[in-house]
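K.L.:
Got a sequence here, can you build the structure:
(chains A and B)
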There are 2 protein chains.
Amino acid sequence: MGHIITAVYEIAGEDAARRAALVAVEQSHELPTELAPANAVRDSLAHVRAVVEQPGLPALATVDYPADLAGGELGQLLVLLLGNVSLQDGVRLVDLTVPAALAGALRGPRLGVAGVRALVGEPEGALLATALKPVGMTGEQLAALAYDVAAGGLHVVKEDQGLADQPWAPFAERVPRVAEAVRRANDHTGGHSVYLPVVNGGAARFAEQIHFVRRAGAHGVLVMPGIAGFGAVAHAAKLFEGGIVLAHPSFLGGFTASAGHGIAPDVLFGTLLRLAGADASIFPSWGGRFSLTRTQCLAIADAARRPLHDLAPTLPTPGGGMSIDRAPELLEAYGPDTLFLVGGDLRRGDDPRRAAERLVGAVRRG
Amino acid sequence: MGHIITAVYEIAGEDAARRAALVAVEQSHELPTELAPANAVRDSLAHVRAVVEQPGLPALATVDYPADLAGGELGQLLVLLLGNVSLQDGVRLVDLTVPAALAGALRGPRLGVAGVRALVGEPEGALLATALKPVGMTGEQLAALAYDVAAGGLHVVKEDQGLADQPWAPFAERVPRVAEAVRRANDHTGGHSVYLPVVNGGAARFAEQIHFVRRAGAHGVLVMPGIAGFGAVAHAAKLFEGGIVLAHPSFLGGFTASAGHGIAPDVLFGTLLRLAGADASIFPSWGGRFSLTRTQCLAIADAARRPLHDLAPTLPTPGGGMSIDRAPELLEAYGPDTLFLVGGDLRRGDDPRRAAERLVGAVRRG
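P.N.:
Residues are numbered from 1 along each chain as shown, chains lettered A, B, ... in the order given. Sure, this is the predicted structure:
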């Protein structure tokens, strides 16, 4: 079984066994089997292992893929798990098992939970992050905000995915300025806040932008695998040795927002982004502006952290809904190996630094 | 109005006007407006221009974005059009207008319809493609198939997206072998078939793979923007000057398979991939194994080809369902500026070359 990738799909509607067989063919050969050469039928065709009917629910179909189909590459793993089938309604990827050799080839997080904790100097407690926003603020305004929240004790200062290379705070001017502000805050407080700029200037500029933010004194990057491709996560980790790679879910909702197709959120934001190498993976938590349930969110956190061959765990990073009031509830639910992303609640007063300090206090008490 | 990007969303359910306002804020500032600095509210906040209720259908909400939000970058355009909102159900992007300056910055297809026609030596008639598959065939088998279909007169021999760097036909062995087979077929027939290998080895190897296939004598590449990111399309065009960039829809179905959210297929496979620079864009045609309707498919073809500032048109590339029998119907529907992707129908006999010749004949008569 070490040479098999196993995927479980929910298949809605009639005739699940027949449709599961079609999925296995579509996702491996994409050609009627009677037209394929005998060696390909022997070596590279996927097979349905089981189909379990569930009254009133979609059937669960387990499909075994020869692991060589992925060629040791993340992009090809995605192609075979859901490439063409993503275009068909009523099929949803809900579980995934990969052999140790493939997990080892993909490598997973370079830093993981322990590496991020070491960088931010927080060995045990819950971790806190906020986003620099909105777009339209000047570099000076963003740097002032970064100083305040870093001085207030937040572990991670990340840029909002709305920031890019716009006239109000151009990339080349903004990044060094914010990095300097976070460094200054750390110097004043003795803290270890990290700064993660967003890198989204396109494939041709990706390496150049990563090298730039590293030289500017950032501690890692925010990457959007839905925009830049899942391979951008490992590429960022390779280009920025020792840096944190934080994955943002922008543009990935096509896969999770509708129950009848796509990918279950724990597989997408947990398993797949962990295999991809995300040190931390942002997802929209329940109680905020998005539609994932508490159960789905806790399943993401579990997939990010549970044992998976030799891979380091990914820090689940629930976004939205965190506040001083909710800190005890969310800490209890997610546990301390979590990076909580706090948004507007920090900005409600006139003093983001005091708000950050209050939040840090609430979480420490929690 | 030259500085505005306009997006139209279908918004399902109650209270469309209020939800449209939330989309405008979410997709620009992602922060309650009362918490944003005055300069950001003035410069970078999106606004709802109109909400039209449609009895029994989703409302249509038109949102104006300051064009500077995209920073002249495709990835950031995607972030602002649908980044976070993709995670919310009941919101679907159905139309998009970009100013000339942004279209010019993105550049669109380098070759477009005319450039592909020049390469394949077919000035007017419909164009035909097939895919080398299934994965599991040896390099020798794939090269023999490529020879046959090229000698039979197909204009484009593309690799299936299931091929990668697997043991049965490793990338570095397969690509030169198939390129040589297509060259030999062209020498024998006096034709100009082109060979487009798939490049999916990850971001870190992308440039290396493109340079390799170019040196091996391929005429362009197949790229999967759903896997490699939309920016990979323009990156491929930049790395492979004069080569064809053919976009494959693998993993993009999350956006189109469900009616209630995501992106309308004509915006995704037509407008956005054209802006991204695809010379040809594959989509699953009606009558095949996928779920797009005839109307949706013809809307994709229209978005790919209609006037769009100074951008070259993209070749719509319907996949699935093309056969000798259906050639007249599909030619009539799509018109000649179309690359028809033919699959299993070519493989039903023992002789792919004769099957290709019959199909070419049927299309010429059509």
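K.L.:
what ranges do the strands span in chain A?
P.N.:
For chain A, strands defined by DSSP state E occupy the ranges A:4-11, A:47-54, A:57-66, A:91-97, A:127-132, A:156-159, A:194-196, A:220-223, A:244-247, A:262-263, A:280-284, A:315-319, A:339-342.
K.L.:
Now tabulate those in JSON lines and tack on mean pLDDT and distance to chain B.
P.N.:
For glycine as for every other residue, the C-beta is placed from the backbone atoms N, C-alpha and C. Below are the strands of chain A laid out as JSON lines (pLDDT from 0 to 100; distance: least, Cβ to the nearest Cβ, whole Å):
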{"stretch": "strand A:4-11", "mean pLDDT": "97", "distance to chain B": "13"}
{"stretch": "strand A:47-54", "mean pLDDT": "96", "distance to chain B": "13"}
{"stretch": "strand A:57-66", "mean pLDDT": "97", "distance to chain B": "8"}
{"stretch": "strand A:91-97", "mean pLDDT": "96", "distance to chain B": "9"}
{"stretch": "strand A:127-132", "mean pLDDT": "96", "distance to chain B": "8"}
{"stretch": "strand A:156-159", "mean pLDDT": "98", "distance to chain B": "12"}
{"stretch": "strand A:194-196", "mean pLDDT": "98", "distance to chain B": "16"}
{"stretch": "strand A:220-223", "mean pLDDT": "98", "distance to chain B": "10"}
{"stretch": "strand A:244-247", "mean pLDDT": "98", "distance to chain B": "12"}
{"stretch": "strand A:262-263", "mean pLDDT": "90", "distance to chain B": "5"}
{"stretch": "strand A:280-284", "mean pLDDT": "96", "distance to chain B": "5"}
{"stretch": "strand A:315-319", "mean pLDDT": "96", "distance to chain B": "10"}
{"stretch": "strand A:339-342", "mean pLDDT": "95", "distance to chain B": "12"}
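K.L.:
So A:L359 sits against A:G343, correct?
P.N.:
No - A:L359 is beyond contact range of A:G343, at 11.4 Å (criterion: Cβ atoms under 8 Å).
K.L.:
Compile the strands of chain A into a markdown table and extend it with columns for mean neighbour count.
P.N.:
Converted to a markdown table, the strands of chain A look like this (neighbours: other Cβ atoms under 10 Å in any protein chain shown):
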| stretch | mean neighbour count |
| --- | --- |
| strand A:4-11 | 21 |
| strand A:47-54 | 14 |
| strand A:57-66 | 20 |
| strand A:91-97 | 21 |
| strand A:127-132 | 26 |
| strand A:156-159 | 29 |
| strand A:194-196 | 26 |
| strand A:220-223 | 28 |
| strand A:244-247 | 30 |
| strand A:262-263 | 26 |
| strand A:280-284 | 28 |
| strand A:315-319 | 27 |
| strand A:339-342 | 26 |
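K.L.:
of all those strands, which lies closest to A:L145?
P.N.:
Each of those has some distance to A:L145 by Cβ to Cβ; the shortest is strand A:127-132, at 5.8 Å.
K.L.:
Which residue does the stretch 101-250 of chain A have closest to chain B?
P.N.:
With Cβ to the nearest Cβ as the measure, A:G136 is the residue of the stretch 101-250 of chain A nearest to chain B, at 2.8 Å.
K.L.:
For A:A101, see how far away that residue is.
P.N.:
48 Å (Cβ to Cβ, to the nearest Å).
K.L.:
more neighbours, these two?
P.N.:
Applying other Cβ atoms under 10 Å in any protein chain shown to A:G136 and A:A101 shows that A:G136 carries more neighbours, namely 27 against 13.
K.L.:
Quick check: the more buried one touching B:A40?
P.N.:
Yes - using Cβ under 8 Å, A:G136 makes contact with B:A40 at a distance of 3.2 Å.
K.L.:
Give me the common contacts of the two.
P.N.:
Common contacts of A:G136 and B:A40 (Cβ atoms under 8 Å, 6 or more residues apart in numbering or on different chains): A:W168, B:H29.
K.L.:
how about stretch A:117-136 as PDB, C-alpha atoms only?
P.N.:
Output of stretch A:117-136 as PDB, limited to C-alpha atoms (Å, rounded to 0.1, in the frame of the first residue of the first chain):
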ATOM      1  CA  ARG A 117       7.500  29.700  17.700                       C
ATOM      2  CA  ALA A 118      11.300  29.900  17.800                       C
ATOM      3  CA  LEU A 119      11.300  32.900  15.500                       C
ATOM      4  CA  VAL A 120       8.600  34.800  17.500                       C
ATOM      5  CA  GLY A 121      10.100  33.800  20.900                       C
ATOM      6  CA  GLU A 122       6.800  32.300  22.200                       C
ATOM      7  CA  PRO A 123       7.500  28.700  23.300                       C
ATOM      8  CA  GLU A 124       4.000  27.700  24.400                       C
ATOM      9  CA  GLY A 125       1.200  30.200  24.300                       C
ATOM     10  CA  ALA A 126      -1.300  31.000  21.600                       C
ATOM     11  CA  LEU A 127       0.100  33.200  18.800                       C
ATOM     12  CA  LEU A 128      -1.500  36.400  17.600                       C
ATOM     13  CA  ALA A 129      -1.400  38.100  14.200                       C
ATOM     14  CA  THR A 130      -2.900  41.100  12.500                       C
ATOM     15  CA  ALA A 131      -3.100  42.500   9.000                       C
ATOM     16  CA  LEU A 132      -1.900  45.900   7.800                       C
ATOM     17  CA  LYS A 133      -4.900  47.400   6.000                       C
ATOM     18  CA  PRO A 134      -6.700  48.900   4.200                       C
ATOM     19  CA  VAL A 135      -5.000  49.300   0.900                       C
ATOM     20  CA  GLY A 136      -4.900  53.100   0.200                       C
END
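K.L.:
Compute the number of surrounding residues for A:R348.
P.N.:
A:R348, neighbours per other Cβ under 10 Å, totals 12.
K.L.:
and it, what is it in contact with?
P.N.:
Counted by Cβ under 8 Å, 6+ apart, A:R348 has contacts A:A355, B:L35.
K.L.:
which residues of the stretch 201-350 of chain A score low on pLDDT?
P.N.:
For the stretch 201-350 of chain A, the stretches flagged by pLDDT under 70 are A:257-258, A:289.
K.L.:
Around chain B, pick out the residues from it.
P.N.:
Within the stretch 201-350 of chain A, the positions near chain B by Cβ under 8 Å from any Cβ of the partner chain are A:201-204, A:206, A:224, A:226-232, A:234-235, A:238, A:249-258, A:260-263, A:284, A:289-291, A:343-344, A:347-348.
K.L.:
Nearest residue to A:G83 in space, please, no chain neighbours.
P.N.:
Nearest non-adjacent residue to A:G83, counting by Cβ to Cβ, 6 or more residues apart in numbering or on different chains: B:S250, 3.6 Å away.
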